[in-house]
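Engineer: Give the three-dimensional model of this entry:
(2 chains)
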Amino acid sequence: MTLPYTHMLFLAILLFMMGAACAMTRKSLFMILIGVEVMLNAAGIAFVAAAMRWLDMNGQVMALFVMTAAAAEIAVALALIVCVQRRTLSTNADRFNLLKG
Amino acid sequence: MKPVLFLLISLPLLGALILALIGRFLSRRSVETIACTSVAAAFVLALTAFLLSGQKAHSLTLAQWFTAGSFQVDLELYYDPLAAVMALMVTFVSSIVHLYSVAYMRHESGYTRYFCFMNLFVFAMLVIVTAGNLVFLYLGWETVGLCSYALIGFWYEKPEAANAGTKAFVVTRLGDVAFGIAIALCWFSLGHLSVSGINDSAAGLSSQTAGIIGFFLLLAAIGKSAQLPLAVWLPDAMAGPTPVSALIHAATMVTAGVYLLMRFFPIIQGSPILMAVIACVGVITICFGAFSALVQKDIKRILAYSTISQVGYMFLAVGAGDLAGSLFHLIAHAFFKSLLFLAAGCIIQALHEEQDIFRMGGMRQKMPHLFWLFLAGTASLGAVPLTAGFFSKDRILLAVFLQPQTGFKVLWAIAALAAIITPLYAFRLFFIVFFGKSHAGAGQAPISPASIPNRMIWVLWPLAFFSVFAGFFNLSVNCAGNEWLVHYLAAVPGAAMELHASPKMESAMQMGSALITIIMVIAAWIFYGLRIQPSESGEAAFRNKLNALFLNGFYLDRLYRTWIITPYRTTAGFLWQKVDAGWVDAGLAQSARFFLDLAERLRLWTTGRISQYVSMMVAGFTLILCSLTVAWWVFQI
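Structural biologist: Coordinates of the predicted model:
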């Protein structure tokens, strides 16, 4: 049995919205990062779903690419957070407002 | 021939370049040596070229200058008897003025600048004289203007000198613009710009075309030669050093306008109306200059107005078609006027920069050599019989009288009247300065003739010699001469040189003018030498008014100030304060303020909170995607 395409898209949309809401509302850098990861994975699900719908392997390849990019991104982002945390002793995103207008 | 002519114009240029580039590292002695040598060498070369060329016209191309499509301009020279005589005169007077300047400028610190511009001037003047096409001539024409500007304003710390330089530059520029138009007209109506080509094909022009081209050439000449209505710059140009006045504003540059008209005489000849206009300009200017010179107090201004008047005679001669007479007077004038200026420079320096003739007086005992020099110049200017000025001015009057039209008889009468005034103002100057009591009590600076070096006076003797004897270049037949200049110039295009006057008439004219001149000299002696002033009666007020009219050069300056300069200033002020500052600038400032306000509001968006930025980004993306969806839905793209 296969899931209908629309279901999978709804799942992706739901995940994406949750991730976006997390990234938008939380103040901790870690939580923002997690939100971004969730959004990326929602995109990955949409790709895989599309690959199944049209029986095209390019979608799965794209999903692999997304995972790779996410892994790289998380590595860099964590390093940045460590750096920032050492400097300001905080992981609160609202503390970093030097470019405030 | 080619190397001689090439060196003739390039040596002064070389001198100017050396002085301009490395002049500041050279000693005073070497600067003076370079300047004088280059000009003296140019004189020797001019003499060589004169002897080599005979009466032939030489056209030669030195190099290609620039090309634009079919329009090609070369650095080409055209050397014919007219150019030969001019080149000789220019280099001769320049050499003497340079030698004189070494002594005259001995206390000045800007001598390198001075000699550099003097050399450049000689180069530019020789370019005017020998240029083979109009564009090259224009180069020289503009460069003499530049040198004139720079040398009038030599003492640029003095505001009146700087202003006089600017005035001369701007006023002559009006003529230069006309010259530019004339060049363009020549190109479009004749198809070439070379001097020989223009003169050869000028006969094919219609009377109107020739008149229009000639009119613009006349305007150019009027500007350069300080004729009415552009005469106002020359009296002010006396703010420059006296040798500059002698060389540029008496002998050479102001006669460049006349030379231009002589050079392109075949064009001018094509339009009888234009000839009459030139003659009228000449005659009116003669009177203007003569009357103004009669009452001036400043020795250099007297000579300046007299220059304006004498150049008017040259214009009159061109208008009467008498090129030889015009050139004859030009040469004679160059000798006696530069002599007078240089001698005046000696007096001015000896009297510690005093220029008012009524504070000189009694110079005869104090400077006996100068007395004789000045007498030679004055006699020639006043056309005392047997001097150069006598023969040249007489020839011009005769040529005008012989013109068949009635109008020229009127012009002759006016010019003859002015010729009566000429000895009056010339000898007025002479008697007041050299005779009478020295006004030692009247606040006059103590005179010290020993303070000027003798070589300043010695170098003037050749000029004095030619002032007196240059008449023999063109001695008329009835005076046992053979009219050498007339025969020499026979090959110049458009020149009908022989006057064909009956010897009886010629003699009568000469006797008449000789008699009148002598009477006027005696009158000048009575009025000014003996200081018997005309009685102060009821007409004093009228005389004072007339006096003021002449003293101020017929209020020409005031006229221009009221009708041209002031309206121009007002318009410029309006455009500046109302249009530019009021509208353009204010409009720009307003729009700048608008964007400043906008930025003030927009910066509130950068709150410094990352979550807000992310929200905005999501909202933005949503908006874009929604609109794309709608577009796809509605327009089925």
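
Engineer: What does B:Glu353 show for phi and psi?
Structural biologist: Dihedral pair for B:Glu353: phi 60, psi 30, per degrees, to the nearest 10.

Engineer: Check B:Ala383 too.
Structural biologist: phi 60, psi 40.

Engineer: That one is in contact with B:Ile518, isn't it?
Structural biologist: No. With contacts counted by CB atoms under 8 Å, B:Ala383 stays clear of B:Ile518, the gap being 10.4 Å. Using the backbone N, CA and C atoms, a C-beta is placed for each residue, glycine as well.

Engineer: Run a quick neighbour tally on A:Asn97.
Structural biologist: Residues within reach of A:Asn97, counting by other CB atoms under 10 Å in any protein chain shown, total 13.

Engineer: got a list of what B:Leu411 touches?
Structural biologist: B:Leu411 makes contact with B:Ala279, B:Cys280, B:Val283, B:Leu316, B:Gly319, B:Val400 under the criterion CB atoms under 8 Å, 6 or more residues apart in numbering or on different chains.

Engineer: so what's the first one closest to, chain neighbours aside?
Structural biologist: In space, not counting the residues next to it along the chain, B:Ala279 is nearest to B:Gly319; the distance is 2.8 Å by CB to CB, 6 or more residues apart in numbering or on different chains.

Engineer: one step back: relative to chain A, which of the contacts of B:Leu411 is nearest.
Structural biologist: Taking CB to the nearest CB as the measure, chain A lies nearest B:Cys280 of these, at 77.7 Å.

Engineer: Helix or strand for that closest one, just tell me which one.
Structural biologist: helix B:272-295 (DSSP states H and E).

Engineer: quick revisit: who's more crowded, B:Ala383 and B:Ile518?
Structural biologist: Each of B:Ala383 and B:Ile518 has its neighbours counted (other CB under 10 Å); B:Ala383 has more, 26 against 14.

Engineer: For the more buried one, give me its contacts.
Structural biologist: B:Gly389, B:Phe390, B:Lys393, B:Asp394, B:Ala419, B:Thr422, B:Pro423, B:Ser513, B:Thr517.

Engineer: just checking, what packs against the helix holding B:Cys280?
Structural biologist: In this structure, helix B:272-295 makes packing contacts with helix B:207-224, helix B:265-269, helix B:299-319, helix B:406-434, helix B:540-551, judged by 3 or more CB pairs under 8 Å, 6 or more residues apart in numbering or on different chains; DSSP states H and E.

Engineer: Could you rerun that using 10 Å?
Structural biologist: In terms of contacts (3 or more CB pairs under 10 Å, 6 or more residues apart in numbering or on different chains; DSSP states H and E), helix B:272-295 is packed against helix B:207-224, helix B:233-236, helix B:253-263, helix B:265-269, helix B:299-319, helix B:388-402, helix B:406-434, helix B:540-551.

Engineer: could the ones you listed be laid out in TSV, adding mean pLDDT?
Structural biologist: Conversion of the helices and strands packed on helix B:272-295 to TSV gives the following (pLDDT from 0 to 100):
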stretch	mean pLDDT
helix B:207-224	91
helix B:233-236	88
helix B:253-263	91
helix B:265-269	88
helix B:299-319	91
helix B:388-402	86
helix B:406-434	86
helix B:540-551	69
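
Engineer: Rebuild these as a markdown table, extending it with distance to B:Leu602.
Structural biologist: Putting these into a markdown table (distance: least, CB to CB, whole Å) gives the following:
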| stretch | distance to B:Leu602 |
| --- | --- |
| helix B:207-224 | 60 |
| helix B:233-236 | 60 |
| helix B:253-263 | 65 |
| helix B:265-269 | 70 |
| helix B:299-319 | 69 |
| helix B:388-402 | 82 |
| helix B:406-434 | 79 |
| helix B:540-551 | 71 |
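
Engineer: Can you say which of those helices is nearest to B:Phe472?
Structural biologist: Relative to B:Phe472, the nearest member of the helices and strands packed on helix B:272-295 by CB to CB is helix B:388-402, separated by 8.3 Å.

Engineer: Chain B contacts on chain A?
Structural biologist: Counting by CB under 10 Å from any CB of the partner chain, chain A comes close to chain B at A:17, A:20-21, A:23-27, A:29, A:32, A:35-36, A:39, A:92-101.

Engineer: Compute the inter-axis angle for the helix or strand encompassing B:Cys186 and helix B:253-263.
Structural biologist: For B:Cys186, the host element (DSSP H and E) is helix B:159-190. Orientation check (axes from the mean of the first three to the mean of the last three CA atoms, to 10 degrees): helix B:159-190 against helix B:253-263 gives 10 degrees.

Engineer: farthest pair in the contacts of B:Leu411?
Structural biologist: Greatest spatial distance among the contacts of B:Leu411 (CB to CB): B:Cys280 and B:Val400, at 11.5 Å.

Engineer: which of these two has more neighbours?
Structural biologist: B:Val400 (28 against 18).

Engineer: Surely that one touches B:Ile278?
Structural biologist: No. With contact defined as CB atoms under 10 Å, B:Val400 does not reach B:Ile278; the gap is 11.7 Å.

Engineer: so what sits against both of the two?
Structural biologist: With contacts taken as CB atoms under 10 Å, 6 or more residues apart in numbering or on different chains, B:Val400 and B:Ile278 have B:Leu316, B:Ala317, B:Gly319, B:Ala320, B:Gly321 as neighbours in common.

Engineer: sorry, back to before: report all helices and strands that the helix holding B:Cys186 contacts.
Structural biologist: Using 3+ CB pairs under 10 Å, 6+ apart, helix B:159-190 sits against helix B:134-152, helix B:195-201, helix B:207-224, helix B:233-236, helix B:253-263, helix B:265-269.

Engineer: Would you mind checking the average pLDDT for the lengthiest helix in chain A?
Structural biologist: Selection of the longest helix in chain A by residue count, based on DSSP state H, yields helix A:58-88. Model confidence over helix A:58-88, given as mean pLDDT, is 92.
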